[in-house]
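In: Give me a 3D structure for the following:
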Amino acid sequence: MKIPEPHIKTALLFGASGLVGNHLLRELLKDNYYEKVKIFVRKPLNINDPKLTEHIIDFNNLSSYSELFKGVTIFCCLGTTIKKAGSQAAFRKVDFDYPYIIGKLCEANNVNHYLLVSSIGANINSKSFYPKLKGEIEQEIIKLGFEKASIFRSSFLVGERKEKRAGEKIGILISNLFSFLSIGRLKEYKPILAKTVAKAMLATAKKTSNNKISIYESSQI
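Out: Below is the predicted model:
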C-alpha cells in the first residue's frame, strides 16, 4: 500500500487533549519512529515541536478535512462520558460516529494501521448501552480496509484529568481496595495508567506483525 506522503512517516492523532491522547502525543514527539505527527483538535494545545502539525477542526464536519488525513498510522483516543456529552445520542457521536467517520476517511487515503482506544467489557451483544456501543465501534473499524487494526480495551484509566469524573474515581477506589482479588477474569478490572496505554499503542504501531486484527485486553496492555 502506498504512503500518501512519500519518504515521510506520519502519525495522525485524534484525541490529543485527552488523558491517553496527551500521553501518546508526548511519546510520539520524543520517539524517532515517526518523522511527523499531525494532531486534530478543537482548541490549540500550545505545544511547539518541529515534528508537530496542529489542525484545529470541527469534528461535526470531518469530511471537509479529508485531505489532511494522510499518513501511515492513525491513533484514535477520542472519548467522553454520558454526563459530559449530555445524552446517549451525543455520547454516541463522540465515541462511535467520529472514530468511524475518521476511519472511513483515512481508509480512503490509504492509511495503513488504525489503533483505537476502546474499553474493558466491549461487547456488541451486551444489553447495556456503553459496552454495546464500544463493541459496535470495534466491529466497524475491523470491517474497514486497513492493513492492520489494533484495539486496546483499557480498564479504569489512572492519571490527571482536566475534568472530574466522580463515577470513574469511585470505580478506581473500589478496584484498588479489592486489588487482591485481581486474578483470573477479575484482573481485567484493575486500574491502568493512561501512560501505560499510550506506550503500548506506540509499541504496537512500531511492531512488525502479520496479524491483521489485534485486540488487547486491559491485562495485556
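In: Would you map the strands across this protein?
Out: 10-14, 36-41, 52-56, 73-76, 113-117, 148-153, 157-158, 192-193, 213-217 (DSSP state E).
In: Output the lowest mean pLDDT helix or strand found in this protein.
Out: Across the helices and strands of the chain, mean pLDDT, DSSP states H and E gives its lowest value to helix 166-177, namely a mean of 53.
In: Could you say which of the strands of the chain is packed most deeply?
Out: strand 73-76 (a mean of 28; mean count of other CB atoms under 10 Å). Every residue, glycine included, has its C-beta placed from N, CA and C.
In: Would you check that Gly159 makes contact with Leu19?
Out: Yes. Gly159 is within contact range of Leu19, at 5.0 Å (criterion: CB atoms under 8 Å).
In: which residues do those two both contact?
Out: Ala194 (CB atoms under 8 Å, 6 or more residues apart in numbering).
In: what about those two, which has more around it?
Out: Leu19 (25 against 17; other CB atoms under 10 Å).
In: Quick check: chain neighbours aside, which residue is closest to that one?
Out: For Leu19, ignoring the flanking residues on the chain, the nearest one in space by CB to CB, 6 or more residues apart in numbering is Ala194 at 4.3 Å.
In: Number of residues surrounding the one you found?
Out: 22.
In: residue ranges of the helices in this structure, please?
Out: Assigned by DSSP state H, the helices in the chain fall at 19-30, 82-85, 88-92, 98-108, 129-143, 166-177, 194-206.
In: list the buried ones in the longest one?
Out: Put plainly, it is helix 129-143. Going by neighbour count (16 or more other CB atoms under 10 Å), the buried part of helix 129-143 is 130-131, 133-138, 141.
In: for it, packing partners?
Out: helix 88-92, helix 98-108, strand 113-117, strand 148-153 (3 or more CB pairs under 8 Å, 6 or more residues apart in numbering; DSSP states H and E).
In: again with the third one
Out: Counting by 3+ CB pairs under 8 Å, 6+ apart, the packing neighbours recorded for helix 88-92 are helix 82-85, helix 129-143.
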